[in-house]
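Undergrad: Sequence first, predicted coordinates after that:
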Amino acid sequence: MTEQIRWMSTKEAAEHLGVTLRSLYRFIDEGALAAYKFGRVIRLKQHDVDAFIEACRIQPGSLEHLYPELKGSSAPAATRSPTEAGGQ
């Protein structure tokens, strides 16, 4: 038995992803998300959109570059007093 395809409009897909249409078109144009053009209409398979979501999942420990510790300090800046952080 074959599974029926659930087609999504670009507007539906963008809302499902929580992104703008412009971002959705960029994902499609870069080849990160498959889309299909039927005449002047672009459609996406819901399965492809859901697979794209899972492929974008952030792996634990991969964001350490976003919160580097200050050199010479073992405490994050948010937990240090203003004088320790270089204030007056």
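TA: Perfect, I can see it now. Residues are numbered from 1 along each chain as shown.
Undergrad: Neighbouring strands - and their directions - for the longest strand seen in the chain?
TA: Using DSSP state E, we find that the single longest strand of the chain is strand 41-45. Here strand 41-45 is paired, per DSSP bridges, with strand 7-9 (antiparallel), strand 36-38 (antiparallel).
Undergrad: mind giving me a markdown table with the ones you listed and columns for distance to Ser23, mean neighbour count and mean pLDDT?
TA: All C-beta atoms are positioned from the backbone trio N, CA, C, and that covers glycine. Below are these laid out as a markdown table (distance: least, Cβ to Cβ, whole Å; neighbours: other Cβ atoms under 10 Å; pLDDT from 0 to 100):
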| stretch | distance to Ser23 | mean neighbour count | mean pLDDT |
| --- | --- | --- | --- |
| strand 7-9 | 15 | 15 | 98 |
| strand 36-38 | 18 | 10 | 98 |
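Undergrad: So for Asp50, which of the ones you listed sits nearest?
TA: strand 7-9 (10.1 Å; Cβ to Cβ).
Undergrad: Other residues contacting that closest one?
TA: His16, Val41, Ile42, Arg43, Leu44, Lys45, Gln46, Val49 (Cβ atoms under 8 Å, 6 or more residues apart in numbering).
Undergrad: 7 Å instead?
TA: His16, Arg43, Leu44, Lys45, Gln46, Val49 (Cβ atoms under 7 Å, 6 or more residues apart in numbering).
Undergrad: How many neighbouring residues does the third one have?
TA: When you say that, I think you mean Leu44. 25 (other Cβ atoms under 10 Å).
Undergrad: Make sure it is actually in contact with Ala35.
TA: Yes. In this structure, Leu44 is within contact of Ala35 by Cβ atoms under 7 Å, at 5.0 Å.
Undergrad: Any buried residues in the longest strand of the chain, and which?
TA: In terms of neighbour count (16 or more other Cβ atoms under 10 Å), strand 41-45 has its buried residues at Ile42, Leu44, Lys45.
Undergrad: separation between the last one and Glu30?
TA: Noted for Lys45: a distance of 18 Å to Glu30, by Cβ to Cβ, to the nearest Å.
Undergrad: And Ala14, by the same measure?
TA: Distance from Ala14 to Glu30, by Cβ to Cβ: 15 Å.
Undergrad: Thanks a lot, catch you later.
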